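Visitor: the sequence isn't on hand, but the structure is:
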């Protein structure tokens with residue numbers, strides 16, 4: 001199982017990008033889906049997450065600029081990124097997580113998509 005992240009690219013400071021995450025192997029609506037990012041030499045950090053119930057969470061540095069959403073019909077999760085800053089430059093990964101019963105956890109990653117914000 002591998003998630004497919006797309007939508008990265010090169011954008012100027014203040015610009016916008018919309019990342020997408022999907023997979024033919026899972027029904028994402030049953031999973032908590034998160035976006036993480038990683039810069040070379042640094043640890044991967046959590047950016048945003050949407051639970052199966054629709055609750056959303058954001059790291060402080062992106063609050064008010066990024067919006068996570070899901071389209072269960074299309075089996076997609078999106079990350080709308082506005083007002084981008086150079087410090088948002090990273091490889092962005094999506095992750096799907098489910099704990100169907102106590103003691104069991106299923107966790108899957110995508111291959112990453114590069115976001116570059118030029119100053």
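Guide: It's in. Keep in mind it's a predicted model, so treat the numbers as computed, not measured. Numbering: from 1, shown residues only.

Visitor: isn't residue 112 right next to residue 92, touching?
Guide: Yes. Proximity of residue 112 to residue 92 meets the contact threshold set by C-beta atoms under 8 Å, at 6.5 Å. Quick note: C-beta positions are derived from backbone N, CA and C, even for glycine.

Visitor: which of these two has more residues huddled nearby?
Guide: Using other C-beta atoms under 10 Å, the more surrounded residue of residue 112 and residue 92 is residue 92, with 24 against 18.

Visitor: look at residue 36 and say how many residues are nearby.
Guide: For residue 36, using other C-beta under 10 Å, the count is 21.

Visitor: so what's residue 106 up against?
Guide: Neighbour list for residue 106: 96-100 [criterion: C-beta atoms under 8 Å, 6 or more residues apart in numbering].

Visitor: show me where this protein has strands.
Guide: 4-6, 9-12, 17-22, 32-38, 45-50, 56-58, 66-71, 76-81, 90-98, 106-109, 113-118 (DSSP state E).

Visitor: between residue 112 and residue 92, what contacts are shared?
Guide: residue 5.

Visitor: picking that back up, JSON lines for the contacts of residue 106, including neighbour count and pLDDT?
Guide: Shown next, in JSON lines, are the contacts of residue 106 (neighbours: other C-beta atoms under 10 Å; pLDDT from 0 to 100):
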{"residue": "96", "neighbour count": "23", "pLDDT": "97"}
{"residue": "97", "neighbour count": "15", "pLDDT": "95"}
{"residue": "98", "neighbour count": "17", "pLDDT": "92"}
{"residue": "99", "neighbour count": "12", "pLDDT": "88"}
{"residue": "100", "neighbour count": "9", "pLDDT": "87"}
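
Visitor: save those as JSON lines, and put in distance to residue 53 too.
Guide: Output for these, formatted as JSON lines (distance: C-beta to C-beta, whole Å):
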{"residue": "96", "distance to residue 53": "15"}
{"residue": "97", "distance to residue 53": "13"}
{"residue": "98", "distance to residue 53": "12"}
{"residue": "99", "distance to residue 53": "13"}
{"residue": "100", "distance to residue 53": "15"}
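
Visitor: pick the one among the residues you listed closest to residue 107.
Guide: residue 97 (4.9 Å; C-beta to C-beta).
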